[in-house]
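In: Coordinates only, no sequence provided:
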């Protein structure tokens, strides 16, 4: 509110024709307004979410306010969110989440968006990654039904500035964005930081002043066929640790696509259709109840957080071997623990019809899935190239005769040979063996990766292939990729 920012208050007064006689006039007016405690407060809200009127936090959703000290909310524009059905109908929908970890965890993180401000938590984006027609968009529509109509899903086909402005509209609300593959490859990596770091980009006004900075406090639930790390690689870059901590990849690996428990349906498609039918009939009824409950019980919610939060981290990470030196793993574990806690709050409020055991089991499984995917995403292109070469050699290791058998008519190999020279044991791969890898990554990239990883022995003038005389054939020197045997069979 303006009384908390004398500079903004002064700016508003000047914009409306008020003459201020001194530099501290804005502060004096704000101080006076703070002493006016004669009744209820009228609160002007541009957006939904938490607002601080100087006395307490109040939550605004649509045209409703949840606070004992706020008499009425004044909106710059009418804000009416679609709703249908009853809370009893909604609970029947959430009961279908039982036994389906991805559905549960998506809702856990969605509920967390309404609690971020209370605990100073940062935003995060949860990405469901898997093939088309596996149920990802159904889960997104379920999440969107928390706050309104599930019919229209936003997508990533927008500029970085457009995405930031859109995210600002969903402060303290879950934000659903589908089709990660439609994002701008060049700017996607930067958007990852801007959407989850708590504030938008600094901008100047037309007169050279500093514009109000957008406040970004949301949990984004997204989906696509490629992970954020893969999307960044398309721009020729490698995903940074900070990006992987902000954009979490949850692989779609259920028994029936995104689902495990079909609740009596014959297949994943039928179950997906059932969920979609339900959320079209009932939506927008749960979030007002959650906001009202949290706003009325802030001390109790904070006390519950203090009681459970550390225990959640232990329960969720059970069975996972975490690297204590990797800050990203701990940070993401904290995100999962906060999401699980938020679901417990929703259960206490009566807007989520699953058990606490369901929540813990789902977050534990999905955290383990995230951890496995994270370790894959950490791999650089060099790692991938070396791994493919190593896998190739290991696959055919029993079909690698001695180099002296190169001219044997009955030799059983088109892959390569073993060879020793100058005290170095080598595996010599024929050029056709490396063709697919060279085509996939580029000949230069493959060469440089193998050099950096200590596998490749360069030929004359730095060529990737070497020429060794075939024993017993002084005039035969075929080109081969010479790889150090000890590096190939390391680990």
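Out: In hand now; what should we look at? Everything numeric in this text was worked out from a predicted model, so none of it was measured.

In: what about the helices in the stretch 151-300 of the chain?
Out: With DSSP state H, counting those that start in this stretch, the ranges of helices along the stretch 151-300 of the chain come out as 160-168, 185-196, 228-233, 241-246, 268-281, 286-296, 298-316.

In: Any idea which of these has the lowest pLDDT on average?
Out: In terms of average pLDDT, helix 185-196 trails the rest of those, at a mean of 73.

In: Contacts for that one, please.
Out: Where contact means C-beta atoms under 8 Å, 6 or more residues apart in numbering, the residues beyond helix 185-196 that reach it are 122-125, 156, 159-160, 163-164, 167, 183-184, 200-201, 216, 218, 220, 228, 231-232, 234-235, 237, 239-240, 242-243, 246-247. C-beta: built from backbone N, CA, C; applies to glycine.

In: Could you identify the buried members of those?
Out: 122-125, 156, 160, 163-164, 167, 183-184, 200, 216, 218, 220, 228, 231-232, 239, 243, 246-247 (16 or more other C-beta atoms under 10 Å).

In: State the distance from the residue nearest in space to the middle of the chain to residue 232.
Out: To find the centre residue of the chain, average its C-alpha atoms and take the closest one (C-alpha atoms, centre = their mean): that gives residue 247, at 2.4 Å. Using C-beta to C-beta, to the nearest Å, one gets 9 Å for the distance from residue 247 to residue 232.

In: Specify the next element, helix or strand, located C-terminal of the helix or strand of the chain with the lowest mean pLDDT.
Out: Taking mean pLDDT, DSSP states H and E as the measure, the chain has strand 70-75 as its least confident helix or strand, at a mean of 62. Proceeding N to C from strand 70-75, the next assigned helix or strand is helix 87-95, under DSSP states H and E.

In: Looking at that following helix now, give me its mean pLDDT.
Out: The model assigns helix 87-95 a mean pLDDT of 97.

In: Which secondary structure elements does it sit against?
Out: If you count contacts as 3 or more C-beta pairs under 8 Å, 6 or more residues apart in numbering; DSSP states H and E, helix 87-95 packs onto helix 268-281, helix 286-296.

In: and those as JSON lines, adding distance to residue 141 and mean neighbour count?
Out: Converted to JSON lines, those look like this (distance: least, C-beta to C-beta, whole Å; neighbours: other C-beta atoms under 10 Å):
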{"stretch": "helix 268-281", "distance to residue 141": "6", "mean neighbour count": "18"}
{"stretch": "helix 286-296", "distance to residue 141": "14", "mean neighbour count": "21"}
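
In: Please name the nearest non-neighbouring residue to residue 453.
Out: Distance criterion C-beta to C-beta, 6 or more residues apart in numbering; nearest residue to residue 453, sequence neighbours excluded, is residue 386 at 4.7 Å.

In: Help me confirm that that neighbour is found in a helix?
Out: Yes: counting by DSSP: H, G, I helix; E, B strand; the rest coil, residue 386 falls inside a helix.

In: And for it, the neighbour number?
Out: By other C-beta atoms under 10 Å, the residues close to residue 386 number 22.

In: give the contact list for it.
Out: Applying C-beta under 8 Å, 6+ apart, we find residue 386 in contact with 449-450, 453, 455.

In: Now, of these, which are buried?
Out: With neighbours counted by 16+ other C-beta under 10 Å, the contacts of residue 386 contain buried members at 449-450, 453, 455.

In: what residues are up against residue 308?
Out: Going by C-beta under 8 Å, 6+ apart, the list of residues near residue 308 reads 341, 344.

In: Repeat that for residue 483.
Out: With contacts defined as C-beta under 8 Å, 6+ apart, the neighbours of residue 483 are 389, 393, 426-429, 450, 455-457.
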